[in-house]
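> okay, structure incoming, though there's no sequence with it:
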């Protein structure tokens, strides 16, 4: 997950004799349009996710297992939007890094950890819903156990993102500073970089979505396979309807995440495997990054539209 349009191979193959004109300069009107688009993401995402966290944490009855994971998801998405979106935008506009080496490493570590945490929080919610609906007689996670799971999720995310922070570096290329990933093994046809990108794609996209898909498939078969009995009690009817609403809401959340992040993963996989480097890819990168970052602002809207009360 290299945040730069260029990567280490481009840096190593370019010297200071290249043209002094920055090939990534854009006209002011184009920059203004992208600035508005990215600003909308930051405002809606940060404000919306903070409201979600406040609603859950400020009301004791809302502090359920599922909602603890929703708080973790909201925190991860607010962090991703606050620390990643604006910096990525300003960097991609001219492909010039203004923030120094320390923030280059931080930018490649913490916001990426938040991305990993988001998908695994969704996975934890799916598994929690699976246990609650498919195995209702088995004990649910306690508040302490839920917090431990959340810590494990963040710990795993930090481990996965560590190589990005460790190998992040700032260098001078084409008369501008760039934040790039100085992967080892460049002489081995970028072996380690390719291994990492493929591993990330499998571990934080394909595998979690498979688990989530299987969990919600079984849940759907249980909740929608047969109609609610006509002579059932009002309480039973309300519980089933409430569970269906929550499952519908989370399916929409997961599908939104999957759609928004798929082009991002494909882009970096193709860039890693083929390594093309043209100005056209600046606009493509800005569009793909906007779509990926926009995933952080949809969830608060989904919560409000699809569920009038949370479990």
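Arrived safely, thanks for sending. It should be emphasised that the depicted structure is a prediction, and the values quoted were computed from it without experimental measurement. Numbering: from 1, shown residues only.

> could you point out which residue ranges in the stretch 201-311 of the chain have low pLDDT?
Applying pLDDT under 70 to the stretch 201-311 of the chain flags residues 225-236, 274-280, 307-311.

> need the helices for it, in chain order.
Secondary structure of the stretch 201-311 of the chain, counting by DSSP state H, counting those that start in this stretch: helices at 207-224, 234-274, 280-306.

> can you say which of the ones you listed is packed in most?
Comparing these by mean neighbour count (mean count of other Cβ atoms under 10 Å), helix 280-306 comes out on top with a mean of 18. From N, CA and C alone the C-beta is placed, and that goes for glycine too.

> that helix: how far from the chain's middle?
Relative to the chain's own centre, helix 280-306 is displaced by 10 Å; criterion: Cα atoms, centre = their mean, to the nearest Å.

> which residue is the nearest non-sequential neighbour of residue 273?
If you skip the residues right next to it in sequence, residue 273 has residue 194 as its closest partner in space, 6.6 Å away by Cβ to Cβ, 6 or more residues apart in numbering.

> quick check: pLDDT value at the one you found.
Per-residue pLDDT puts residue 194 at 82.

> relative to residue 138, how far out is the nearest residue to residue 298 once chain neighbours are set aside?
On the basis of Cβ to Cβ, 6+ apart, the spatially nearest residue to residue 298 that is not a chain neighbour turns out to be residue 256, at 5.1 Å. The span separating residue 256 from residue 138 equals 30 Å under the rule Cβ to Cβ, to the nearest Å.

> ok, and for the helix or strand that contains the residue nearest to residue 273, which residues are buried?
When secondary structure is defined using DSSP states H and E, the element that contains residue 194 is helix 191-201. Buried residues in helix 191-201, counting neighbours by 16 or more other Cβ atoms under 10 Å, are found at 193, 194, 196, 197, 200, 201.

> for whichever strand or helix holds residue 102, name the packing helices and strands.
Secondary structure assigned from DSSP H and E places residue 102 in helix 100-134. Contacting helix 100-134 under the criterion 3 or more Cβ pairs under 8 Å, 6 or more residues apart in numbering; DSSP states H and E are the following elements: helix 65-80, helix 143-167, strand 168-173, strand 176-181, helix 207-224, helix 234-274.

> rerun that using 7 Å as the cut-off
Under the contact definition 3 or more Cβ pairs under 7 Å, 6 or more residues apart in numbering; DSSP states H and E, helix 100-134 sits against helix 65-80, helix 143-167, strand 168-173, helix 207-224, helix 234-274.

> dump those to TSV, plus distance to residue 44.
Supplementary listing: the helices and strands packed on helix 100-134 in TSV, determined by distance: least, Cβ to Cβ, whole Å:
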stretch	distance to residue 44
helix 65-80	11
helix 143-167	24
strand 168-173	28
helix 207-224	24
helix 234-274	14
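
> mind checking which of the ones you listed is nearest residue 123?
Each of these has some distance to residue 123 by Cβ to Cβ; the shortest is helix 207-224, at 4.6 Å.

> quick one: contacts of that closest one?
Surrounding helix 207-224, the residues in contact under the criterion Cβ atoms under 7 Å, 6 or more residues apart in numbering are 119-120, 122-123, 126-127, 129-130, 133-134, 240, 243-244, 247, 251, 254, 258.

> one more: stretch 253-272?
In contact with stretch 253-272 (Cβ under 7 Å, 6+ apart) are residues 1-2, 118-119, 122, 193-194, 197, 201, 205, 209, 212, 288, 291-292, 294-295, 298-299, 302.

> bridging residues for the residue found closest to residue 101 once you drop the neighbours it is linked to in the chain?
Closest residue in space to residue 101, ignoring its immediate chain neighbours: residue 170 at 4.7 Å, by Cβ to Cβ, 6+ apart. As for beta bridges, residue 170 partners with residue 179 under DSSP bridges.
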